[in-house]
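Q: Let's see this in three dimensions:
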Amino acid sequence: MNYPKKLVLLGATGSIGESTLKVIRKHPDKIQVVGISANQQVDKLLNIAEEFKVPHACLSSEKGSSPTFPSFTELKRGEESLQELASLVDADIVVIAVVGAAGLIPTLAALKSGKDVVLANKESLVIGGEMVTKTAKKYGARIIPADSEHNGIFQCIQGQPQQSIESIILTASGGPFRDLPIDQLQQVTIEQTLCHPNWSMGKKITVDSATMANKGLELIEARWLFNLEPKQLEVVIHPPSIVHAIVRFIDGCCLAQMTPPSMTFAMQNAILFPERHQGVESSIDFSQPLDLSFSPPSMDRYPCLRLAQESMDEGYSAPLVFNASNEIAVDAFLRNRIGFLDIPRIIENTLNLSESISTESIEDLLTLDSETRRIAATQIDLLA
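A: This is a model prediction of the structure:
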């Protein structure tokens, strides 16, 4: 392996970006940051540029102040600049940690440049799974999953033929309300929803974990990452978040991947693959009692998971509609415009009002995404 790997980190100021930077600090001889991006968090981006002596930086938002970056850092703004950064000639590997549908276009740009893409943006595959995987194949690029669950699967299937896989099981903590009586869910607050029992994440993904929309998106992502049929994908509740994924093989054997609940493990595996090096954090302590309990999820408690599975089964543009309507609904919840249980209502209403169609171009995808958000916003106005 030629070191250091030259890395572009899109979404450097978010929770995934922070975990990635921890890995880079641990292995400064193996990873060199050549590009970073953020949406609007200028000060945090500036601090990262200074610490890692980054030559290229981008603020995807055109709004906000433009502070003076170090002389060795070229700062650009806008979505087009983000695509340029994703396809930077100097880069060996691009980490896509941008939140939401905004990650699709830079993901495609990186793949078209033949880069290794460490994908921590599940929405890219949910929205444009077929397009993304075909682009990777066409340009000889490699997608390495960085979500803890998908990276766990990725580790378990190394050296295993595709036809030997019977199914994969993604684990879910169940979020902060897994034991709350269902009839009390309507009253939960934003503050309660953002108190995840195991993980430290951004607001949107923390809400998604509470509704388990996040796990539904991960199922759709896994379908494309590992070339599986919907019937080969399962979810189980595993409150400790120690086992991240299980692969069941046709001979009945199961392989599981386990780490403490921190994104540094998955990020390091993805960035330094196929090599393994000393980790950022301590591994599991087997001298202490270990809870390896599993249980099936209740669809009455987690209607967003049911809707995601139905969208995956329907195919075509249904997963895109699920994702876009969920983003709009979660944003409305975080702005206190709707209640917690209104999130699945908005998603279901939008799915019912949207026709599932085949989309063959990025323009079609973006147009449909925009229209879906309009429909979802209208549903919110009716409830608010």
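Q: Can you show me the strands along the stretch 51-200 of the chain?
A: Taking DSSP state E, counting those that start in this stretch as the test, the strands found in the stretch 51-200 of the chain are 56-59, 74-77, 93-96, 116-119, 142-145, 165-172.
Q: Could you dump the ones you listed into TSV with mean pLDDT, mean neighbour count and distance to L225 added?
A: The way it works is simple: take the backbone N, C-alpha and C, and place the C-beta from them, glycine included. As requested, the strands of the stretch 51-200 of the chain are exported to TSV (pLDDT from 0 to 100; neighbours: other Cβ atoms under 10 Å; distance: least, Cβ to Cβ, whole Å):
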stretch	mean pLDDT	mean neighbour count	distance to L225
strand 56-59	95	24	26
strand 74-77	93	16	31
strand 93-96	98	27	13
strand 116-119	97	27	8
strand 142-145	97	21	6
strand 165-172	97	21	10
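Q: Which one, of the ones you listed, ends up nearest to Q41?
A: strand 56-59 (8.7 Å; Cβ to Cβ).
Q: By residue count, which helix of the chain is the longest?
A: Taking DSSP state H as the criterion, the chain has its longest helix at helix 362-383.
Q: So what's the gap between that one and the chain middle?
A: 21 Å (Cα atoms, centre = their mean, to the nearest Å).
Q: nearest to S282, of the strands of the stretch 51-200 of the chain?
A: For S282, the closest of the strands of the stretch 51-200 of the chain is strand 165-172, at 20.5 Å, according to Cβ to Cβ.
Q: And that closest one, what does it pack against?
A: Under the contact criterion of 3 or more Cβ pairs under 8 Å, 6 or more residues apart in numbering; DSSP states H and E, strand 165-172 touches helix 148-156, helix 213-225, strand 233-237, strand 243-249.
Q: Roughly how far does the nearest residue to K63 once chain neighbours are set aside sit from G103?
A: Among residues not flanking K63 along the chain, Q40 sits closest, at 6.9 Å (Cβ to Cβ, 6 or more residues apart in numbering). Using Cβ to Cβ, to the nearest Å, we find Q40 at a distance of 16 Å from G103.
Q: what about those two, which has more around it?
A: A count of neighbours by other Cβ atoms under 10 Å puts G103 above the other of Q40 and G103, at 24 against 14.
Q: That one and S124 touch, don't they?
A: Yes. At 4.9 Å, G103 and S124 qualify as touching, with contact defined as Cβ atoms under 8 Å.
Q: coming back round to it: got TSV for the strands of the stretch 51-200 of the chain, with distance to K6 too?
A: Listed next are the strands of the stretch 51-200 of the chain as TSV, based on distance: least, Cβ to Cβ, whole Å:
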stretch	distance to K6
strand 56-59	11
strand 74-77	15
strand 93-96	7
strand 116-119	11
strand 142-145	15
strand 165-172	32
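Q: where do the helices sit along the stretch 51-200 of the chain?
A: Using DSSP state H, counting those that start in this stretch, the helices of the stretch 51-200 of the chain run over residues 79-86, 104-112, 123-138, 148-156, 190-193.
Q: I misspoke; the intended subject was the stretch 201-350 of the chain.
A: Going by DSSP H, counting those that start in this stretch, the stretch 201-350 of the chain shows helices at 203-211, 213-225, 263-272, 303-314, 318-334, 342-353.
Q: Need these in TSV (columns: distance to L9).
A: Formatted as TSV, the helices of the stretch 201-350 of the chain follow (distance: least, Cβ to Cβ, whole Å):
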stretch	distance to L9
helix 203-211	17
helix 213-225	20
helix 263-272	10
helix 303-314	28
helix 318-334	22
helix 342-353	30
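Q: Save those helices as TSV, and put in mean neighbour count too.
A: Shown next, in TSV, are those (neighbours: other Cβ atoms under 10 Å):
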stretch	mean neighbour count
helix 203-211	23
helix 213-225	25
helix 263-272	24
helix 303-314	21
helix 318-334	25
helix 342-353	20
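Q: Which one of these lies nearest to F69?
A: Per Cβ to Cβ, nearest to F69 of the helices of the stretch 201-350 of the chain: helix 263-272, 24.5 Å.
Q: So what touches that closest one?
A: 5, 7, 15-16, 19-20, 22-23, 26-27, 30-31, 93, 95, 118, 120, 144-148, 151-152, 154-155, 199, 244, 259, 276-277, 279-281 (Cβ atoms under 8 Å, 6 or more residues apart in numbering).
Q: Next, the angle helix 148-156 makes with that helix.
A: If you take axes from the mean of the first three to the mean of the last three Cα atoms, to 10 degrees, helix 263-272 sits at 50 degrees to helix 148-156.
Q: any idea of the mean pLDDT in helix 263-272?
A: The pLDDT scores in helix 263-272 average 97.
Q: Same check on stretch 349-361?
A: 88.
Q: and if you look at stretch 241-257?
A: pLDDT averaged over stretch 241-257 gives 97.
Q: quick one on the thing from earlier: ok, of the contacts of helix 263-272, which come out buried?
A: Buried residues within those, defined by neighbour count using 16 or more other Cβ atoms under 10 Å: 5, 7, 15-16, 19-20, 22-23, 26-27, 30-31, 93, 95, 118, 120, 144-148, 151-152, 154-155, 199, 244, 259, 279-280.
Q: remind me which residues of the chain are low pLDDT?
A: Applying pLDDT under 70 to the chain flags the ranges 64-65, 199-200.
Q: can you do 80?
A: Applying pLDDT under 80 to the chain picks out residues 1, 62-67, 100-101, 196-201, 359-360, 384.
Q: distance from the centroid: which residue in it tops it?
A: S71 (33.1 Å; Cα atoms, centre = their mean).
Q: What separation do you get for that residue and G78?
A: 22 Å.
Q: go on, A49?
A: From A49 to G78 the distance is 18 Å (Cβ to Cβ).
Q: Name the residue in those two with the higher neighbour count.
A: A49 (23 against 13).
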